[in-house]
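Visitor: here are the coordinates; sequence isn't available:
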């Protein structure tokens, strides 16, 4: 087959599926299957498309025999298509096979990777929002196999059990848990919300210090308030006695100051409330967060913030006002309905529905729709109108329409495949060099490159950073609700969400846009759910990213 026809097949098999209501032509798709069988199987798994009368199970089996080096992608695709291979006691089929049984200890003793594979399977189950069964048997298998499994599997065990909230300290001693490494053990206790002291050397890595600060008792957390890394100080603030946090109100990182101010305010210290008022006037996401923390005693300041030049600040002030059930008169309502930022009028209508003031909500919704063209995002107004209408009529929220439409995607850019791009995200925290996975997620990569080259990301700040989890950016308003004006489908894959991996943020399947996140540690529970589309090569700057860190520009280079 000529290169031109192959490219045509790929485009018809991938991009046209998202932009046209007509599935790929079966004749061309069968030719695509012949030339690129692994890619065709993966495409069917992602899109849900199957040629008429096509036997996926036999096809997947034949592809697996022909391309054993691609076995992970093949077996994963078959499981997504609900045609999994018959499970055998091999790690790959334990993870993606047709049964979900905790491996017996005698099998794990001979093949420790079986338990590793089953733990990843549990993470896949968690990623779908389901609760894995046989948890008691899983705990028994982990504890009975502890002396046989490698440290990496011990760490994965603690990662999974911590996410499930399962405490195994009654079965294994702290010393035994520490054999998984201080990073894994401290993370485990952080997940459980338990205080635990560890023997440390003073040479702990940044991630180890981040988790230690989170699970340390207050007196030990106080010793970490001077750590050079902001994320350690931030976690120490949350674990420390508020009485000791007055100096942290002058920390060099505003996000740490915010945490200290909230802790001091909640403990009854006036300086905490005063600092929150001060921070609420700062530009950017930290200011938005501080504004949401204000209350009835800050009503005059909130009214000033509701006419702030930053749309995100106006929305945050409105949220604080409504959260404290402060009175809304006709002038305030009129100002909200005339606010060009779509989130402000929609939030008012949503609030009215939440408090069951349906008649008023109906009037407000009609007013919003009559002014839809005056708002920043009329299409989003339309989407929320559908959801609000459903709630008004039935009292229940209807699932967002994007969640079950695969054929209405139109992109203002060309989809590029297998170009192997690298980009540099230049930030206040350092320059991040990223390899984009064009083969894994061509639509997401093409969108990211298009937005980068248009200057979309220039000046945007990271608005969500959870130490040891993710750093998220890409919202023009810094509040986590905005996008580029179009939506992207999920491009799921068996790629692992390890430290440094880039993923597309979304509000549900097939709702991604411009927002992306960077993994700050390994979190396999995201595997198979979110679109992974690249990896940061130089991870030494990741832990320096904080809420408010600015993306100065994104520069593309082609290898």
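Guide: Cool, got the structure. Computed from a predicted structure; not experimentally measured.

Visitor: roughly how far is stretch 324-334 from the heart of the chain?
Guide: 34 Å (Cα atoms, centre = their mean, to the nearest Å).

Visitor: what does stretch 369-379 contact?
Guide: Applying Cβ atoms under 8 Å, 6 or more residues apart in numbering, the contact partners of stretch 369-379 are 311, 337-338, 340-342, 345, 368, 381-382, 385, 482, 485. From N, CA and C alone the C-beta is placed, and that goes for glycine too.

Visitor: and the pLDDT for residue 47?
Guide: Residue 47 carries a pLDDT score of 76 in this model.

Visitor: stretch 497-511 spans what distance, first to last residue?
Guide: Its first and final residues considered, stretch 497-511 spans 19 Å by Cα to Cα, to the nearest Å.

Visitor: buried set for that stretch?
Guide: Residues of stretch 497-511 classed as buried: 497-507, 509-511 (neighbour count, 16 or more other Cβ atoms under 10 Å).

Visitor: just give me the longest helix of the protein.
Guide: helix 378-394 (DSSP state H).

Visitor: sheet partners, orientation included, of the next helix or strand after it?
Guide: Later in the chain than helix 378-394, the nearest helix or strand by DSSP states H and E is strand 421-427. As defined by DSSP bridges, the strand partners of strand 421-427 come to strand 430-436 (antiparallel), strand 551-558 (antiparallel).

Visitor: from residue 84, how far out is the nearest residue in space to residue 86 that is not next to it in sequence?
Guide: Distance criterion Cβ to Cβ, 6 or more residues apart in numbering; nearest residue to residue 86, sequence neighbours excluded, is residue 98 at 5.7 Å. The spacing between residue 98 and residue 84, counted by Cβ to Cβ, to the nearest Å, is 4 Å.

Visitor: with neighbour numbers in mind, choose between those two.
Guide: residue 84 (19 against 13; other Cβ atoms under 10 Å).

Visitor: can you pull out the strands in this protein?
Guide: 421-427, 430-436, 464-466, 470-473, 501-504, 516-519, 532-536, 551-558 (DSSP state E).

Visitor: can you tell me what sits against the third one?
Guide: Counting by Cβ under 8 Å, 6+ apart, strand 464-466 makes contact with 231, 255, 285, 470-472, 480, 517, 520, 545-547, 549, all of which sit outside it.

Visitor: with pLDDT, distance to residue 215 and neighbour count added, can I get these in a markdown table?
Guide: Listed next are those as a markdown table, based on pLDDT from 0 to 100; distance: Cβ to Cβ, whole Å; neighbours: other Cβ atoms under 10 Å:
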| residue | pLDDT | distance to residue 215 | neighbour count |
| --- | --- | --- | --- |
| 231 | 98 | 14 | 28 |
| 255 | 98 | 20 | 23 |
| 285 | 98 | 27 | 29 |
| 470 | 98 | 19 | 22 |
| 471 | 98 | 21 | 26 |
| 472 | 98 | 24 | 20 |
| 480 | 94 | 27 | 17 |
| 517 | 98 | 24 | 23 |
| 520 | 98 | 17 | 23 |
| 545 | 98 | 22 | 26 |
| 546 | 98 | 21 | 23 |
| 547 | 98 | 22 | 26 |
| 549 | 98 | 26 | 23 |
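
Visitor: now for these: which two are most distant?
Guide: Greatest spatial distance among these (Cβ to Cβ): 231 and 480, at 19.4 Å.

Visitor: can you pick out the most distant pair from the buried residues of stretch 497-511?
Guide: Maximum pairwise distance among the buried residues of stretch 497-511 (Cβ to Cβ): 26.5 Å, between 499 and 510.

Visitor: low-confidence ranges, the chain, go.
Guide: Where the chain drops to pLDDT under 70, the residues are 1-26, 395-409, 416-420, 558-559.

Visitor: same thing but at 50, please
Guide: 1-22, 398-408 (pLDDT under 50).

Visitor: returning to what we had before: out of the strands of the chain, flag the one nearest residue 281.
Guide: strand 464-466 (21.0 Å).

Visitor: that older thread, right, so the strands paired with strand 421-427: which one is the most enclosed?
Guide: Among the strands paired with strand 421-427, strand 430-436 has the highest mean neighbour count (mean count of other Cβ atoms under 10 Å), at a mean of 18.

Visitor: from the middle of its chain, how far away would that strand be?
Guide: The answer for strand 430-436 is 19 Å, by Cα atoms, centre = their mean.

Visitor: for that strand, give me every contacting residue.
Guide: 420-425, 445, 448-449, 502, 518, 533-538, 540-542, 544.

Visitor: residues in contact with the residue lying closest to residue 335 once chain neighbours are set aside?
Guide: Nearest residue to residue 335, sequence neighbours excluded (Cβ to Cβ, 6+ apart): residue 306, at 7.2 Å. Shown in contact with residue 306 (Cβ under 8 Å, 6+ apart): 314, 317, 318, 321, 332, 335.

Visitor: which of the residues you listed fall in helices?
Guide: Here DSSP H is the test, and those give 314, 317, 318, 321, 332, 335 as lying in helices.

Visitor: pull the contacting residues for the fourth one.
Guide: When you say that, I think you mean residue 321. Counted by Cβ under 8 Å, 6+ apart, residue 321 has contacts 299, 302, 306, 328.

Visitor: nearest to residue 391 among the ones in helices among the contacts of residue 306?
Guide: Looking across the ones in helices among the contacts of residue 306 and measuring by Cβ to Cβ, the closest to residue 391 is residue 318, at 19.4 Å.

Visitor: so the closest one makes contact with residue 347?
Guide: Yes: between residue 318 and residue 347 a contact is recorded at 5.9 Å, counting by Cβ atoms under 8 Å.

Visitor: what about those two, which has more around it?
Guide: Taking other Cβ under 10 Å, residue 318 and residue 347 do not tie; residue 318 has more neighbours (27 against 19).

Visitor: could you measure from the more buried one over to residue 351?
Guide: From residue 318 to residue 351 the distance is 9 Å (Cβ to Cβ).

Visitor: next one: residue 298
Guide: Distance, residue 298 to residue 351, using Cβ to Cβ: 19 Å.

Visitor: redo the contacts of residue 306 as a markdown table? Include distance to residue 391.
Guide: Formatted as a markdown table, the contacts of residue 306 follow (distance: Cβ to Cβ, whole Å):
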| residue | distance to residue 391 |
| --- | --- |
| 314 | 24 |
| 317 | 24 |
| 318 | 19 |
| 321 | 22 |
| 332 | 23 |
| 335 | 24 |
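
Visitor: neighbours around the closest residue to residue 317 other than its chain neighbours, how many?
Guide: Nearest residue to residue 317 in three dimensions, chain neighbours excluded: residue 305, at 3.7 Å (Cβ to Cβ, 6+ apart). The tally of other residues near residue 305 (other Cβ under 10 Å) stands at 25.

Visitor: gap between the closest residue to residue 459 other than its chain neighbours and residue 394?
Guide: Nearest residue to residue 459, sequence neighbours excluded (Cβ to Cβ, 6+ apart): residue 550, at 6.5 Å. Distance, residue 550 to residue 394, using Cβ to Cβ: 44 Å.

Visitor: same check, this time on residue 112
Guide: From residue 112 to residue 394 the distance is 51 Å (Cβ to Cβ).
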